[in-house]
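S.K.: give the three-dimensional model of this entry:
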Amino acid sequence: MRVIRVETSAATILLTEAPEPKVRDRQTGERAVDAVSGEPLMTIGVVYIEDGESALVKVTVPESGITEGLTLGAPVSLVGLVARPWESVFNGQQRHGIAYRATAVAPGVFPMAQAG
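M.R.: Residues are numbered from 1 along each chain as shown. Below is the predicted model of the structure:
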């Protein structure tokens with residue numbers, strides 16, 4: 001499935017959920033790892049605000065991409081953010097969505113107000 005780069009320069013992104021280990025199998029508690037590097041994966045929750053609209057989004061980040069100094073409610077920068085559409089069948093039901101992944105998350109800054 002195609003990976004789509006997400007342009008974030010005009011967005012405000014606020015951390016709403018602290019980094020947690022991503023779980024591959026909820027029944028066994030097995031951690032999810034990157035298919036290529038084998039590195040453990042983490043998830044964070046953010047609110048993505050752009051053009052007066054907002055969305056709550058879960059983002060997967062490799063453990064080494066979690067930067068120190070992250071604060072709940074504060075702006076963050078999502079380095080290398082991509083979106084990947086997905087589909088699956090679960091218990092006979094067709095499901096679909098968009099998975100978000102970044103190479104790193106770091107403390108960010110609030111965008112400057114634009115003069116108009």
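
S.K.: so where's the chain shaky on pLDDT?
M.R.: 1, 111-116 (pLDDT under 70).

S.K.: centroid residue for it?
M.R.: The structure's the chain has its C-alpha centroid closest to Val59; by CA atoms, centre = their mean the separation is 1.5 Å.

S.K.: what's the closest non-adjacent residue to that one?
M.R.: Tyr100 (4.6 Å; CB to CB, 6 or more residues apart in numbering). In short, each C-beta sits where N, CA and C put it, glycine included.

S.K.: in a helix, the one you found, correct?
M.R.: No. Counting by DSSP: H, G, I helix; E, B strand; the rest coil, one finds Tyr100 to be strand, located in no helix.

S.K.: show me what it bridges to in the sheet.
M.R.: Val59, Ala83 (DSSP bridges).

S.K.: that one touches Arg5, doesn't it?
M.R.: No. With contacts counted by CB atoms under 8 Å, Tyr100 stays clear of Arg5, the gap being 11.4 Å.

S.K.: pick out whichever of those two has more residues nearby.
M.R.: Tyr100 (20 against 9; other CB atoms under 10 Å).

S.K.: can you pull the contacts of that one?
M.R.: 6, 57-60, 81-84 (CB atoms under 8 Å, 6 or more residues apart in numbering).

S.K.: joint contacts of Tyr100 and Arg5?
M.R.: Counting by CB under 8 Å, 6+ apart, the residues touching both Tyr100 and Arg5 are 81-82.

S.K.: how about whatever helix or strand Arg95 lives in: buried residues?
M.R.: Assigned by DSSP states H and E, Arg95 belongs to strand 93-101. Buried residues in strand 93-101, defined by neighbour count with 16 or more other CB atoms under 10 Å: 100-101.
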